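Colleague: Fold the following for me, if possible:
(3 chains)
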Amino acid sequence: MSKVKKIDVYYILSILSVLLLLAVWWAASAVNESLASPGQTVERFFRLIENPIMGKPVSVHILASMRRILVAFFAASVAGVGLGVCFGIFPTFRRMFWPVFSILRPVPPLAWIPIVILWFGVIGDTSKYIIIFIGIIMAIVINTYASISETDPLFLKAAKTLGANRWQTLVHVTLPNSIPAIFAGMKTGLSTGWMSVVAAEMIAAKEGIGFLINMSMKTTPDTALDFVGIVLVALCSSLVSFVLSVIERKLCPWLELDVK
Amino acid sequence: MYNEKTRSVGMKVFLNVSGLLMFFGIWELVVALGLISEKKLVAPSAIFMTFIDKLTNVVPDGNTIIVHTLTSLELVLIGFVLSCLIGVPLGLLMGFFKPANRFFTPIFEIIRPIPPLAWIPIVIVVLGIGIQAEAFIIFVAAFVPCVINSYTGIQATSKTLLDVAKTAGASKTQLFFKVGIPSALPMVFTGIKISFGSAWATLVAAEMIASTVGLGFMIQQGRNAVRPDIVLLGMSVIGLIGAALTGLLSILEKKALPWRNLK
Amino acid sequence: MAGTGCKIKLESVSKSFDDKIGRTAVLDEISLNVYENEFLVILGPGQCGKTVLLNIIADMEQADSGTITFDPQSSGQTGFVFQRYALFNWKNVLKNVELPLKFKGAEKEQRQNTAMKYIEMVGLKGFEKAYPSQLSGGMKQRVGIARAYASGNDIILMDEPFGALDAQTRYQMQDELLKIRSKEKKTIVFVTNNIEEAIYMGDRILLLSNKPSKVVKEYVPDLERPRKNTSSQFMELRDEITANMDLAL
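Modeller: Numbers count the residues shown, from 1 in each chain, chains lettered A, B, ... in the order given. The predicted structure is shown next:
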């Protein structure tokens, strides 16, 4: 019981640390006048609701970013798992295309932005979808492939003695065994994905949270608007990650039980 | 199951090379046949010509590729090294000492989901446009993986090892330095490698958004001038340097953790 | 065992592996018969290549030379019980046991009925919705046995199935397996390195030597079941096998 009490004492530290973070922010804004304080940020958020930017209320900007990440995430998950599986189970495919994938891999997703814009233009969402897609897919492909190729040989042997063909082994053994690793890849992909959303919207968009952040740099700096953008991105990305973990838990009930 | 033991070495090499040949072959061909406008894509050979040209030519982005590369490298190293110096010890402390964990975790969890690029406007206001602002953004980007991996690594320290050391009379500090840190090292290195990748990626974007020099700036100018050759050259150099430095880190890792690669 | 049909016939089966030191011979001209519905124990020291022998019978590995012939009545397919259980963590007990039937394309209802029958037979009724990670080692191996039975194959290979269990559970599982076998006859090839287990379980015991393994001797324990490991005949046989078992590494 004494242990429980001790933990409670530590929680005071947690509260203290958050207060300290706010205090530092507030102090910094007091020293540097162009830096918005926490209060000004809240105020700016409400002003944003009353005075839309580019004639679009803040909800439109949030939804634009959410739509971009979700569409790209869905596409990248399907394509990434598919590609990872192909690398994992078709030796010929792996031999031919892994080198190609390997030379594209070190190019950071954000470095694709200029060429993608050259190819697909600034207008419309195609460029943005592609940039975000590239940001998300890499981690998913790599994780899927790695976990499929590292499947415990015992599982494969068991599948064989139970009479499974290649396809059945994939569906009932290799893939379910890789689900946790695939989800880990999706989470990594999502954080790169949000980075790509912000970058793409800062560089080429007329709406979205990244666009709001970029607007804060124009003419007179509006750091309150940037803080609003930062908070919105953090909230949205936390929300998406949270939903993803809920899905993971629903999809993998056995993972919760690993006690023994 | 899907082993390829029966395949000959020659066949393996052939397949490996054929994929790359196909990739570059189709690329060259598509351009040579004029299927894609030169305003959108240039051939690999043309990229190489641009590289030779950019060694001395400052058009259209104001600097030679050497200056861009060195600027980018300098920036990334400052941000990356700083983040390792601060992030690794912080993660280790957070993972080993409960008060440190309780104190820093909330701050860290608040900062973690923020894409580093979102800090740019604020950092510019505080530090102005220039090397400090960019180094700071890169620092933030590289910081998070350093902390997470060091934290996870030291938390996974075997309880048995800790108990053995405790019964041998080790103090909490000794446990931290003699047991916790060595057993966390593999994860720390993983974190450092991820950090570098993150720093390098962020650098490119930071240079595109707020800079007047660097590889990121160069490819952004290439787009503005509709020069796909410059964009693709920049991407290639960025990819090559990224791969080379990651490779260097892997070699360092092998040297530092000799017990890891014995199977 | 004369009079009953021969299920599997191995003739001069040899196998070697390449490793860093060079080529190591593992099986050296092994010839043996497995008869219908017998409980054959293959007994051998530590790393003698017993598992390789089972893998070859299960068509998981290829012999370098020699022939393996199955009784034409038999499908040539074998059920397999692994030392490390090899249950699929992501499937509950029922799903694990019905998997071989699913692979054969059986209807859902038939699958479930058969699986439930074997789950009951191994004494796990009520646990069909549990995941492997919720089960103890002994229970996991019961699932493993049920799954091998559910595959419908008349030959079941068991690779040190109780090797990972603690001594108490091990005794329990030995009795359990004998009980299961009395309910449904199967031809069982049971690999172990434990002499007492071999005598306790086996209708017939083949003693293998160390690498490269040969069949050293055959024993047919003439002991009444349930066998008692404290009976004098049991202990005599144990001493005899111990004397012949090649313990050198």
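
Colleague: Every contact and neighbour count from this point should use C-alpha atoms.
Modeller: OK.

Colleague: now for the helix or strand harbouring B:Asn149, which elements pack on it?
Modeller: Element membership of B:Asn149 [criterion: DSSP states H and E] is helix B:131-155. In terms of contacts (3 or more C-alpha pairs under 8 Å, 6 or more residues apart in numbering or on different chains; DSSP states H and E), helix B:131-155 is packed against helix B:65-96, helix B:120-127, helix B:181-209.

Colleague: relative orientation of the longest one and helix B:181-209 in degrees?
Modeller: What it means is helix B:65-96. Here the directions of helix B:65-96 and helix B:181-209 differ by 140 degrees (axes from the mean of the first three to the mean of the last three C-alpha atoms, to 10 degrees).

Colleague: Can you report how many residues lie near residue 142?
Modeller: Using chain A. Each residue near A:Ile142 was counted by other C-alpha atoms under 10 Å in any protein chain shown, and the total is 23.

Colleague: that's the wrong chain, I wanted chain B
Modeller: Neighbours of B:Ala142 (other C-alpha under 10 Å): 32.

Colleague: so who does it touch?
Modeller: B:79-80, B:83-84, B:194-196, B:198-199 (C-alpha atoms under 8 Å, 6 or more residues apart in numbering or on different chains).

Colleague: try 10 Å
Modeller: Taking C-alpha atoms under 10 Å, 6 or more residues apart in numbering or on different chains, we find B:Ala142 in contact with B:76, B:79-84, B:87, B:116, B:136, B:191-202.

Colleague: Quick check, pLDDT for residue 247.
Modeller: Just going to use chain A. Predicted confidence (pLDDT) for A:Ile247: 93.

Colleague: The chain in question should be chain B.
Modeller: 91.

Colleague: Just want the most central residue of the chain.
Modeller: Using chain A here. The residue lying closest to the centre of chain A (C-alpha atoms, centre = their mean) is A:Leu190, at 1.6 Å.

Colleague: nope, chain C please
Modeller: Central residue of chain C (C-alpha atoms, centre = their mean): C:Met158, 1.9 Å from the mean position.

Colleague: and that residue, helix, strand or coil?
Modeller: Classification of C:Met158 using DSSP: H, G, I helix; E, B strand; the rest coil returns strand.

Colleague: Now do the same contact list for B:Leu15.
Modeller: If you count contacts by C-alpha under 10 Å, 6+ apart, then B:Leu15 has A:91-97, A:99, B:9, B:21 around it.

Colleague: Out of those residues, flag the one nearest to A:Asn32.
Modeller: Distance to A:Asn32 across the contacts of B:Leu15 (C-alpha to C-alpha) is lowest for A:Pro99, with 51.0 Å.

Colleague: Could you pull up phi and psi at the closest one?
Modeller: Dihedral pair for A:Pro99: phi -60, psi -40, per degrees, to the nearest 10.

Colleague: just so I have it, where are all the strands in chain C?
Modeller: Assigned by DSSP state E, chain C shows strands spanning C:6-19, C:22-35, C:39-43, C:65-70, C:78-81, C:155-159, C:187-192, C:204-208, C:215-219.

Colleague: out of those strands, which comes closest to A:Pro57?
Modeller: Closest among the strands of chain C, using C-alpha to C-alpha: strand C:78-81, at 63.9 Å.

Colleague: which residues of chain C score low on pLDDT?
Modeller: For chain C, the stretches flagged by pLDDT under 70 are C:1-4, C:246-249.

Colleague: any idea how chain A splits into domains?
Modeller: Domain assignment of chain A by automatic domain parsing yields the ranges A:1-33, A:36-257.

Colleague: Equivalent analysis for chain C, please.
Modeller: Taken from automatic domain parsing, chain C resolves into C:6-77+C:153-244, C:89-152.

Colleague: and the gap between the residue of chain C found nearest chain A and A:Leu162?
Modeller: When scored by C-alpha to the nearest C-alpha, chain C has C:Pro100 as its residue closest to chain A, at 4.8 Å. As judged by C-alpha to C-alpha, to the nearest Å, C:Pro100 and A:Leu162 stand 5 Å apart.

Colleague: Check A:Phe45 too.
Modeller: Distance of A:Phe45 to A:Leu162, given as C-alpha to C-alpha: 61 Å.

Colleague: ok, those two, which is more surrounded?
Modeller: When A:Phe45 and A:Leu162 are compared for neighbours, A:Leu162 comes out ahead with 28 against 19, by other C-alpha under 10 Å.

Colleague: close to chain B, is stretch A:73-85?
Modeller: No: contact between stretch A:73-85 and chain B is absent, the nearest approach being 12.0 Å (criterion: C-alpha under 10 Å from any C-alpha of the partner chain).

Colleague: What mean pLDDT does stretch B:198-215 get?
Modeller: On average, stretch B:198-215 scores 88.

Colleague: is that stretch up against chain A anywhere?
Modeller: Yes: contact of stretch B:198-215 with chain A (C-alpha under 10 Å from any C-alpha) involves B:198-206, B:208-209, B:215.

Colleague: what's the answer for stretch C:63-82, then?
Modeller: Yes: using C-alpha under 10 Å from any C-alpha, stretch C:63-82 reaches chain A at C:77-82.

Colleague: Most proximal residue of the stretch 101-250 of chain A with respect to chain C?
Modeller: Closest point on the stretch 101-250 of chain A to chain C, by C-alpha to the nearest C-alpha, is A:Leu162, at 4.8 Å.

Colleague: List the contacts of that residue.
Modeller: Contacts here follow C-alpha under 10 Å, 6+ apart; on that basis A:Leu162 touches A:156, A:169, C:77-80, C:97-104, C:147-148, C:150-153.

Colleague: Is it correct that C:Phe127 is in contact with C:Asn96?
Modeller: No: the criterion here is C-alpha atoms under 10 Å, and C:Phe127 misses it with C:Asn96 at 12.0 Å.

Colleague: how about the residues of the stretch 51-200 of chain B near chain A?
Modeller: For the stretch 51-200 of chain B, the residues in contact with chain A (C-alpha under 10 Å from any C-alpha) are B:98-108, B:110-126, B:197-200.

Colleague: can we see that at 8 Å?
Modeller: Applying C-alpha under 8 Å from any C-alpha of the partner chain, we find that the stretch 51-200 of chain B lies next to chain A at B:98-99, B:102-107, B:110, B:113-119, B:121-122, B:125-126, B:197, B:200.

Colleague: ok, so of the residues of stretch C:63-82 next to chain A, who is nearest A:Val231?
Modeller: C:Phe82 (53.2 Å).

Colleague: what about that closest one, neighbour count?
Modeller: C:Phe82, neighbours per other C-alpha under 10 Å, totals 23.
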